[in-house]
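Participant: Need a 3D model of the sequence below.
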Amino acid sequence: MPIVPQGGKVLVSGANGYIAMWTVKMLLERGYRVRGTVRSENKGRFLNDYFAKLGHGDAFEFAIVEDFLEDDAFDEVIKDVDAIAHMASPVHSKPSDPDEILKPAVRGTIGILKSALKNASRVRRIVVTSSTATIITPDLTAARVFSEEDWNEACPKEVKELGAKARGVSIYRASKVLAERAAWDFYKQHKSQIQWDLTVINPPFVFGPPIHDVRSPKSLNLSLLAWYQRLVSESPEEKDELSHWSCGWVDVRDTALAHVMALEKEAAGGERIMTPSGRCFWQEWINAVNSLKQIHSLHTNLLSDAPNFFMSTLFLARWTSLRKSEFLGSNSRLWRRRPRIRWRTSRGAGGRNALVNTYRPPYRT
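Facilitator: This next block holds a predicted model:
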């Protein structure tokens, strides 16, 4: 039986975001009612208009939460919902003090959990969007496999020791670690007082088509902006770095589907679920963009294909999700893989057998 009843109401915080808007769309398509929180009336109207055109006008509503870092920000909007997908994240500037990023990240996550503790009598599941940044240790010097059992201890340590001198990317990763740890600590501390459970989704880089309001490249999320800067605008990267850089990635539609399925699968409660589709290389995206040059005017200084690229490059970090196949199923691009990259699971034969197809490659994203 799904954890959220058929036709139930789901609160999605930050509903106008890149991943969140796809999540709302999929929830509506599966028959749920959705209340999305946004920071302004204009953002809410954009969502209303978009989903009304798709025939979901009666099933979607928005609520304005101007500052979700305020105490009690979510108290009223969660009172009549059956589940929560907390996908809002603080807006980051370039702070001189790391606490300007770290503290809001923690407060934003804990705030909605506190509201659920006080006011969410119907809620049965809360799904929080996190990141593989909370799992993977950067700057590896030896090969290592990461799973949901791991935590990134290095970045919080760097920020604690170096303060404002810490690398910006380390401050960002540390904020993700601290926010997720705070969520789990809160959940464990209050487990005897609540009727809901917690699931955390940990995606890597997320690419794919945006449906949120994108009026300029500045409106893109961080991972999609990185993609745009390297492949569409004039890239600041050296050609050699572009040809040898890789990352874990997942299509935005699969990331959204993971959130939806985490709300439906009872066994996903109390779990971290890492959702990489596979490993991507800028060269793959470069090849896809080069194939479009006769149709679109794109970046003119990209590398040509490198036929021996995949065989000649060493990667130290690999991922093995112990949970996604069992809890989220196998009917999506999440569970497809490219040849020579095998995702392992220790959760039984059913999970292993789910990894049988070829995942959605970059040229189809």
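
Participant: Tell me which stretches of the stretch 1-150 of the chain form helices.
Facilitator: Remark: helices assigned in the stretch 1-150 of the chain by DSSP state H, counting those that start in this stretch are 18-29, 41-53, 99-119.

Participant: next one: the stretch 201-350 of the chain
Facilitator: Using DSSP H, counting those that start in this stretch, helices in the stretch 201-350 of the chain cover 222-231, 239-244, 252-264, 282-290, 309-312, 324-328, 349-353.

Participant: Could you identify which of those helices has the lowest mean pLDDT?
Facilitator: When these are compared on mean pLDDT, helix 349-353 scores lowest, with a mean of 28.

Participant: which strands and helices sit next to the helix or strand where K176 lies?
Facilitator: Using DSSP states H and E, K176 sits in helix 168-189. For helix 168-189, the packing partners by 3 or more CB pairs under 8 Å, 6 or more residues apart in numbering; DSSP states H and E come out as helix 99-119, helix 154-162, strand 197-202. (Each C-beta comes from the backbone N, C-alpha and C, glycine too.)

Participant: So which of the ones you listed is nearest Q189?
Facilitator: helix 99-119 (10.0 Å; CB to CB).

Participant: coming back round to it: which among the helices of the stretch 1-150 of the chain is found nearest to V289?
Facilitator: helix 18-29 (20.0 Å).

Participant: Can I get the closest one in CSV, CA atoms only?
Facilitator: Taking Å, rounded to 0.1, in the frame of the first residue of the first chain, the C-alpha atoms of helix 18-29 are listed here in CSV:
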residue,chain,number,x,y,z
TYR,A,18,14.3,23.1,-11.2
ILE,A,19,13.8,19.6,-9.6
ALA,A,20,10.8,20.6,-7.6
MET,A,21,8.7,21.7,-10.6
TRP,A,22,9.3,18.4,-12.3
THR,A,23,8.3,16.6,-9.1
VAL,A,24,5.1,18.6,-8.9
LYS,A,25,4.3,17.7,-12.5
MET,A,26,4.8,14.0,-11.9
LEU,A,27,2.7,14.1,-8.7
LEU,A,28,-0.2,15.7,-10.5
GLU,A,29,0.1,13.2,-13.3
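
Participant: Could you tell me the least trusted of the helices of the stretch 1-150 of the chain?
Facilitator: Ranked by mean pLDDT, the helices of the stretch 1-150 of the chain bottom out at helix 99-119, with a mean of 93.

Participant: Check the offset of it from the chain's centre.
Facilitator: In terms of CA atoms, centre = their mean, to the nearest Å, the centre of helix 99-119 is set 18 Å apart from its chain centre.

Participant: what does the helix holding K176 contact?
Facilitator: Outside helix 168-189, the residues within contact range by CB atoms under 8 Å, 6 or more residues apart in numbering are 92, 94, 98, 101-102, 105-106, 108-110, 113-114, 128, 130-131, 133-134, 138, 151-152, 154-156, 158-159, 166, 194, 197-198, 200, 270, 272.

Participant: got the buried residues for stretch 225-234?
Facilitator: Using 16 or more other CB atoms under 10 Å as the test for burial, stretch 225-234 gives A226, W227, Q229, R230, L231.

Participant: what's the burial count for P5?
Facilitator: P5 sits with 13 neighbouring residues when counted by other CB atoms under 10 Å.

Participant: I meant E100, not that one.
Facilitator: Counted with other CB under 10 Å, the neighbours of E100 add up to 16.

Participant: R107 now?
Facilitator: Neighbours of R107 using other CB under 10 Å come to 18.

Participant: any idea how far stretch 62-71 is from the chain center?
Facilitator: With CA atoms, centre = their mean, you get 21 Å for stretch 62-71.

Participant: In contact with the residue minimising distance to the centre of the chain, which residues are there?
Facilitator: For the chain, P203 is the residue whose C-alpha lies nearest the centre (CA atoms, centre = their mean; 4.5 Å). Counting by CB under 8 Å, 6+ apart, P203 makes contact with I19, T129, S131, T132, V250, T255, A258, M274, T275, P276.

Participant: hey, which of the helices of the stretch 1-150 of the chain is tucked in deepest?
Facilitator: Mean neighbours per residue, mean count of other CB atoms under 10 Å, is largest over the helices of the stretch 1-150 of the chain for helix 18-29, with a mean of 24.

Participant: next one: that one to chain centre, how far?
Facilitator: Mean C-alpha position of helix 18-29 versus that of the full chain (CA atoms, centre = their mean) differs by 12 Å.

Participant: Then stretch 188-203?
Facilitator: The answer for stretch 188-203 is 18 Å, by CA atoms, centre = their mean.

Participant: So what would you say the end-to-end distance of that stretch is?
Facilitator: Using CA to CA, to the nearest Å, the span of stretch 188-203 from its first residue to its last is 23 Å.

Participant: of all the buried residues of stretch 225-234, which comes closest to R45?
Facilitator: In terms of CB to CB, no member of the buried residues of stretch 225-234 lies closer to R45 than W227, at 28.3 Å.

Participant: For T199, give the beta-bridge partners.
Facilitator: Applying DSSP bridges to T199 yields these beta-bridge partners: V127.

Participant: so it touches T129, yeah?
Facilitator: No. At 10.4 Å, T199 and T129 do not qualify as touching, with contact defined as CB atoms under 8 Å.

Participant: Next, the buried residues of stretch 30-44.
Facilitator: Buried, per 16+ other CB under 10 Å, within stretch 30-44: R30, Y32, R33, V34, R35, G36, T37, V38, R39, K43, G44.
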